[in-house]
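In: build me a model:
(one chain, ligands or ions: 1)
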Amino acid sequence: MGSLQNQKPDSAGVMKPMDPEEFRRQGHLVIDFIANYYKNVEKYPVRSQVEPGYLQKRMPDSAPYDPEPIEQILQDVQNDIVPGITHWQSPNYYAYFPSSGSIAGFLGEMLSTGFNIVGFNWMSSPAATELESIVMDWLGKMLKLPSEFLFSGGGGGVLQGTTCEAILCTLVAARDKALKKIGRENINKLVVYGSDQTHSAIQKAAQIAGINPENFRAVATTKENSFGLTGAALRATIESDIKSGLVPLFLCATIGTTSSTAVDKLGPLCDVAEEFGLWVHVDAAYAGSVCICPEYRHFIDGVEKAHSFSFNAHKWFLTTLDCCCLWVKEPRALVDALSTYPEYLRNKASEQKQVVDYKDWQITLSRRFRSLKLWMVLRSYGVANLRKFLRSHVKMAKNFEGMVGMDKRFEVVVPRNFATVCFRIVPAEIDAGNHQQVVTKEEAANNFNAKLLERINESGEIYMTHAVVGGEYVMRFAVGASLTENRHVILAWKVVQEHASALLTSS
Ligand SMILES: Cc1ncc(COP(=O)(O)O)c(C=O)c1O
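Out: This next block holds a predicted model:
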């Protein structure tokens, strides 16, 4: 009842939404709730099993007029919200890419939410800006990025919310640099390049940045090249565009594509880009994390010649969403494209150009104190443990890959680079003749694998998602949830095999 009284106005009619003792009491309840959630997360079906609109049926039509106690609210979270959650923190979660949680990441988030600052410029909270710059230099060194990407080398890093924002910011920086040379009236000539495997973030960024929709090139990749973009294919596309009077602007190269974790080899791509004056952004949203391990660093060889590089600490680096780390060699280009300086933000430190004002490195003005959680992660685990953590996932994925390889009904479709395995039941196992319509062996295989994946996912035992690469429907097994152990991986393979056997027998 204490909470009820505390949330009601006191006798003088003043509500106390920040009463420290009440915060302590309710905060402990919420921490206990979350700790219990983690303890029990394995018991829930991994993919939520609710039907669309389920929550509307359970909720009142309008907000409560009188306050309700935290105990009741938490009870409703358990009863009504948890069933509608897909459990990304479950050890049996292998879908999309991970959202690896950690105590340090979580508590860092709590601290920054606790301070609840709005750190748009240095003056609005000097620690937020300075810690961000320091942490980005630390991380840049961990990744062995060339010194030009670090503040100490004339470049610098910034924490964006997501990779979509990072790509958009770098694209508008590149666009404005180019337009200065060719004139704003020629914006329709600018061309943006990626591969047919590049994340849709680049297309969205191009749309927002005012690039002519006809001037977005998704250069074809092939299975022979493991779905990586080649320098030759890029060159051919660029040359054809130049012949048509267009102006090549921007290449988004990917280290660890979303569908199959393919790698675009940066060295040859950057050479071509340099020849034709393109800005190269390296999107290592998923795989960037593991490049802090010396044995994986080679995947970003060639980054010396890129203009910007980003990875998501909120994917596979124990840091809660959102936290995309972006480095640029030329912060001036970002600032030129993104800065505004209204009177109400004027201050001495900015005026004297003594400080970084991160509002000018991003889309929004207001920004969160994200560096605190990243700093907590780096300090709490240290480079040594972070590497161990990442390697343990790669090892588990390798183990899964080995088990797939031993069952003749299955194949690994593309080489595994990191901790994601793309696999399927081979067409030879599937009887194409059994289908109602006449289909090719490959179509039958695609249909069958899609059906198998749905069966597996609706069981709630594990959760994987799919991709189509080179026309082949594959199941993606992405290891990366922080609670996953090898026993879960062994169990997952058993689940896949059992569902496959049942479906093969019944079809
Ligand atoms: C390679 C790649 N790029 C970009 C993104 C988009 O990331 P975000 O959601 O942070 O914008 C993803 C998401 O999975 C990704 O895999």
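
In: residues from the stretch 201-350 of the chain in reach of the ligand?
Out: With C-beta under 6 Å from any ligand atom as the criterion, the stretch 201-350 of the chain comes near the ligand at residues 201, 254, 257-258, 283, 285-286, 312, 324. The C-beta positions use only the backbone N, C-alpha and C, and glycine is treated the same way.

In: could you redo the last one with a cut-off of 5 Å?
Out: 201, 258, 283, 285-286, 312 (C-beta under 5 Å from any ligand atom).

In: can you pick out the most distant pair from these?
Out: Ala201 and Tyr286 (12.4 Å; C-beta to C-beta).

In: picking that back up, of the residues of the stretch 201-350 of the chain next to the ligand, which is the most crowded?
Out: Within those, most neighbours by other C-beta atoms under 10 Å means Asp283, with 30 neighbours.

In: touching, that residue and Ser200? I think so.
Out: No. Assessed by C-beta atoms under 8 Å, Asp283 is found out of contact with Ser200, at 11.4 Å.

In: in terms of helix, strand or coil, where does Phe97 fall?
Out: coil (DSSP: H, G, I helix; E, B strand; the rest coil).

In: for it, grab the count of nearby residues.
Out: 23.

In: from the ligand, how far out is it?
Out: Look at Phe97 and the ligand: by C-beta to the nearest ligand atom, to the nearest Å, they are 5 Å apart.

In: is it true that Leu190 touches Gly245?
Out: No. At 11.9 Å, Leu190 does not count as touching Gly245 under the criterion of C-beta under 8 Å.

In: between the two, which is the more surrounded one?
Out: Here Leu190 and Gly245 are compared on neighbour count by other C-beta under 10 Å; more neighbours surround Leu190, at 23 against 7.

In: check contacts around that one.
Out: 175, 178-179, 211-212, 215, 246-247, 249-250 (C-beta atoms under 8 Å, 6 or more residues apart in numbering).

In: same question for Gln160.
Out: With C-beta under 8 Å, 6+ apart as the criterion, the residues that contact Gln160 are 166, 169, 310, 324-326, 362.

In: what do you get for Glu130?
Out: Trp122.

In: shaky segments in the protein?
Out: Low-confidence segments of the chain, defined by pLDDT under 70: 1-13, 432-438.

In: all strands for it, in order.
Out: With DSSP state E as the criterion, the chain has strands at 156-160, 190-195, 216-219, 247-254, 279-283, 308-312, 324-328, 410-412, 420-425, 465-469, 472-478.

In: walk me through which strands the last one pairs with, and which way each runs.
Out: Strand 472-478 has these partner strands in its sheet, going by DSSP bridges: strand 420-425 (antiparallel), strand 465-469 (antiparallel).

In: what's the closest of those to Asp431?
Out: Taking C-beta to C-beta, strand 420-425 is the member of the strands paired with strand 472-478 nearest to Asp431, at 11.7 Å.

In: any part of that closest one near the ligand?
Out: No. Counting by C-beta under 5 Å from any ligand atom, the ligand has no neighbours in strand 420-425; the shortest distance is 10.1 Å.

In: quick one: that strand to chain centroid distance?
Out: Centre-to-centre, strand 420-425 and its host chain are 21 Å apart (C-alpha atoms, centre = their mean, to the nearest Å).

In: name the residues that touch it?
Out: 97, 259-261, 286, 397, 400-401, 404, 409-414, 416, 445, 448-449, 452, 467, 469, 472-479, 500, 504.

In: related to what we said a few turns ago, list buried residues within the contacts of Leu190.
Out: 175, 178-179, 211, 215, 246-247, 249-250 (16 or more other C-beta atoms under 10 Å).

In: including distance to Asn347, could the residues you listed go into TSV?
Out: Listed next are these as TSV, based on distance: C-beta to C-beta, whole Å:
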residue	distance to Asn347
Arg175	29
Ala178	32
Leu179	30
Ile211	35
Asn215	40
Leu246	43
Val247	39
Leu249	35
Phe250	34
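
In: ok, now how distant is the nearest residue to Val77 once chain neighbours are set aside from Val404?
Out: Spatial nearest neighbour of Val77, chain neighbours left out: Phe33 (7.2 Å); criterion: C-beta to C-beta, 6 or more residues apart in numbering. Distance of Phe33 to Val404, given as C-beta to C-beta, to the nearest Å: 38 Å.

In: tell me where the stretch 1-150 of the chain has helices.
Out: 2-7, 20-40, 54-58, 70-76, 103-115, 126-142 (DSSP state H, counting those that start in this stretch).

In: pipe the strands paired with strand 472-478 into CSV and attach mean neighbour count per row.
Out: Shown next, in CSV, are the strands paired with strand 472-478 (neighbours: other C-beta atoms under 10 Å):
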stretch, mean neighbour count
strand 420-425, 26
strand 465-469, 17
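
In: how close does Pro64 get to the ligand?
Out: Distance, Pro64 to the ligand, using C-beta to the nearest ligand atom: 34 Å.

In: swap in Thr505?
Out: Taken as C-beta to the nearest ligand atom, the span from Thr505 to the ligand is 35 Å.

In: go on, Pro415?
Out: Taking C-beta to the nearest ligand atom as the measure, Pro415 falls 17 Å from the ligand.

In: which ones are touching the closest residue in space to that residue that isn't next to it in sequence?
Out: Leaving out its chain neighbours, the residue that sits closest to Pro415 by C-beta to C-beta, 6+ apart is Ser226, at 5.7 Å. Contacts for Ser226 (C-beta under 8 Å, 6+ apart) come out as 262-263, 414-415.

In: ok, Ser226 to Gly470 distance?
Out: In this view, Ser226 and Gly470 are 10 Å apart by C-beta to C-beta.

In: likewise for Val280?
Out: Distance, Val280 to Gly470, by C-beta to C-beta: 25 Å.

In: repeat for Pro52
Out: Using C-beta to C-beta, Pro52 is found at 32 Å from Gly470.

In: now do Glu22
Out: Glu22 is 58 Å from Gly470, by C-beta to C-beta.

In: related to what we said a few turns ago, buried subset of the contacts of strand 420-425 as a ChimeraX selection?
Out: The ChimeraX command for the buried members of these (criterion: 16+ other C-beta under 10 Å) is given here:
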select :97,259,260,261,286,397,400,401,404,410,411,412,413,414,416,445,448,449,452,467,469,472,473,474,475,476,477,478,479,500
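
In: in the protein, which helix is the longest?
Out: Identified as the longest helix of the chain according to DSSP state H is helix 371-406.
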